[in-house]
Structures are given as structure tokens and as C-alpha cells.
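> next come a sequence and a model predicted from it.
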Amino acid sequence: MSDITPPPVVQRLEPTAAVKVSGTLWIVSFAAGLIATLFVFISRHDQLQRIRELVTGLEPKEDVEVLGSLTSLLFWGSLGALVLIIAIEALLVHLMMRRHGRTRWAMLAVLFLHSGVLLVADTLVVASGAEGIYVRLLLVGQLTLAGAGLVISMLPAASAWFRADGIAGRGFTA
């Protein structure tokens, strides 16, 4: 019985501890980002007023309707970009957990884009002063957790799981 033919049903290869930790860090990062987005949404009236004052200071002679539209565009565009980045990262993590190791490089590029979106969102949608500190901490925590998840997914133990052939017990001879 030394047949090395693989079984007809391929058993799912369990992720290594590094891959599980990486996935968990990414999921917690998504939760932090969505909680921050929820807090910003709840306090949107104050933020829209702050952005309106900022825009009015830049163009004091502009029509009120134009300023209102620009204010809404800046606020909802920043918030939408933050949610879009979270959705893209979630899709990439889903692909990564299905053993598509090359998506980790796309995740690195999206993480750099995420940091740019975070800077814009911090400027436009996060309240200044003490009232915005919790949202700011959540957003920075999200980026930090995502970065840690990406670094852990690049470790040799995780890379070996992505390169494995996926058949448990393959090559075993009795």
C-alpha cells in the first residue's frame, strides 16, 4: 500500500497560528474602523457645521448653496472613502484566508492608501480637541492593527501555509 495518489476529496489545510492571528487582527481593525465611522456619523451635524465654517473662511463670497454642497461633498466623501477602504481590505482579507498569498502585496498597497485616507478623514470628519480624541484613537488603532496583521501574514510560518499544496498527508507512504 504505497500508492501516493492523492485522495479524491481534498482536505482543507488548516491555517497556521500566524495566519489565524493575522486574520483576527484584521477583523478587529475593521471593527475599530466601523465603530469610529459610527461615532462620526452620530456627530455629523457638528462636523458639518465645522466644515461649513472652514469652507466659508476659504471662500467667504461664495453662494450659500455652493458652500453647503461643498461641505456635504467633503464630509460624505471622506466618510465614504473610509468605509470603502475598509470594504476593500475586508475583501482582500477574505481572499487571503482562502490561501491567495499574493493578495498580501495588494493589502500592503491598500494599507498605504488607507493611511492617506486616514489623514484626510482625520482633518475633515474628526472633531478637533478633546471630543474627537476617541474617534482619532479608533482610527489610528485600526491602521495599527491592520499593519500588524499584514506584518504577521508575511512571517515565514504564514508564508509556508500559503505555499503548501493543500492536501493533508500527501507524500505519506506506509
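Thanks, I have the structure now. Residues are numbered from 1 along each chain as shown.
> show me which positions of whichever helix or strand Trp26 is part of end up buried.
Element membership of Trp26, judged by DSSP states H and E, is helix 17-42. Residues 18-19, 21-23, 25-26, 28-30, 32-37, 39-40 are the ones in helix 17-42 that count as buried (16 or more other C-beta atoms under 10 Å). Where C-beta positions appear, they are placed from N, C-alpha and C, glycine not excepted.
> and after it, which helix or strand comes next?
In the C-terminal direction, the helix or strand that comes right after helix 17-42 (DSSP H and E) is helix 44-58.
> tell me the angle the helix or strand bottoming out on mean pLDDT in the chain makes with helix 17-42.
When the helices and strands of the chain are scored by mean pLDDT, DSSP states H and E, helix 44-58 comes last with a mean of 82. If you take axes from the mean of the first three to the mean of the last three C-alpha atoms, to 10 degrees, helix 44-58 sits at 70 degrees to helix 17-42.
> which residues are in contact with helix 44-58?
For helix 44-58, contacts defined as C-beta atoms under 8 Å, 6 or more residues apart in numbering pick out 40, 62, 67-68, 70-72, 74-75, 124-128.
> which of those are buried, as a ChimeraX select command?
Selection of buried members from the contacts of helix 44-58 for ChimeraX, criterion 16+ other C-beta under 10 Å:
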select :40,67,70,71,74,75,124,125,126,127
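> JSON lines for the contacts of helix 44-58, including secondary structure and distance to Leu113?
Shown next, in JSON lines, are the contacts of helix 44-58 (DSSP: H, G, I helix; E, B strand; the rest coil; distance: C-beta to C-beta, whole Å):
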{"residue": "Val40", "secondary structure": "helix", "distance to Leu113": "19"}
{"residue": "Glu62", "secondary structure": "coil", "distance to Leu113": "31"}
{"residue": "Leu67", "secondary structure": "helix", "distance to Leu113": "29"}
{"residue": "Gly68", "secondary structure": "helix", "distance to Leu113": "29"}
{"residue": "Leu70", "secondary structure": "helix", "distance to Leu113": "24"}
{"residue": "Thr71", "secondary structure": "helix", "distance to Leu113": "24"}
{"residue": "Ser72", "secondary structure": "helix", "distance to Leu113": "23"}
{"residue": "Leu74", "secondary structure": "helix", "distance to Leu113": "19"}
{"residue": "Phe75", "secondary structure": "helix", "distance to Leu113": "20"}
{"residue": "Leu124", "secondary structure": "helix", "distance to Leu113": "17"}
{"residue": "Val125", "secondary structure": "coil", "distance to Leu113": "17"}
{"residue": "Val126", "secondary structure": "coil", "distance to Leu113": "18"}
{"residue": "Ala127", "secondary structure": "coil", "distance to Leu113": "24"}
{"residue": "Ser128", "secondary structure": "coil", "distance to Leu113": "24"}
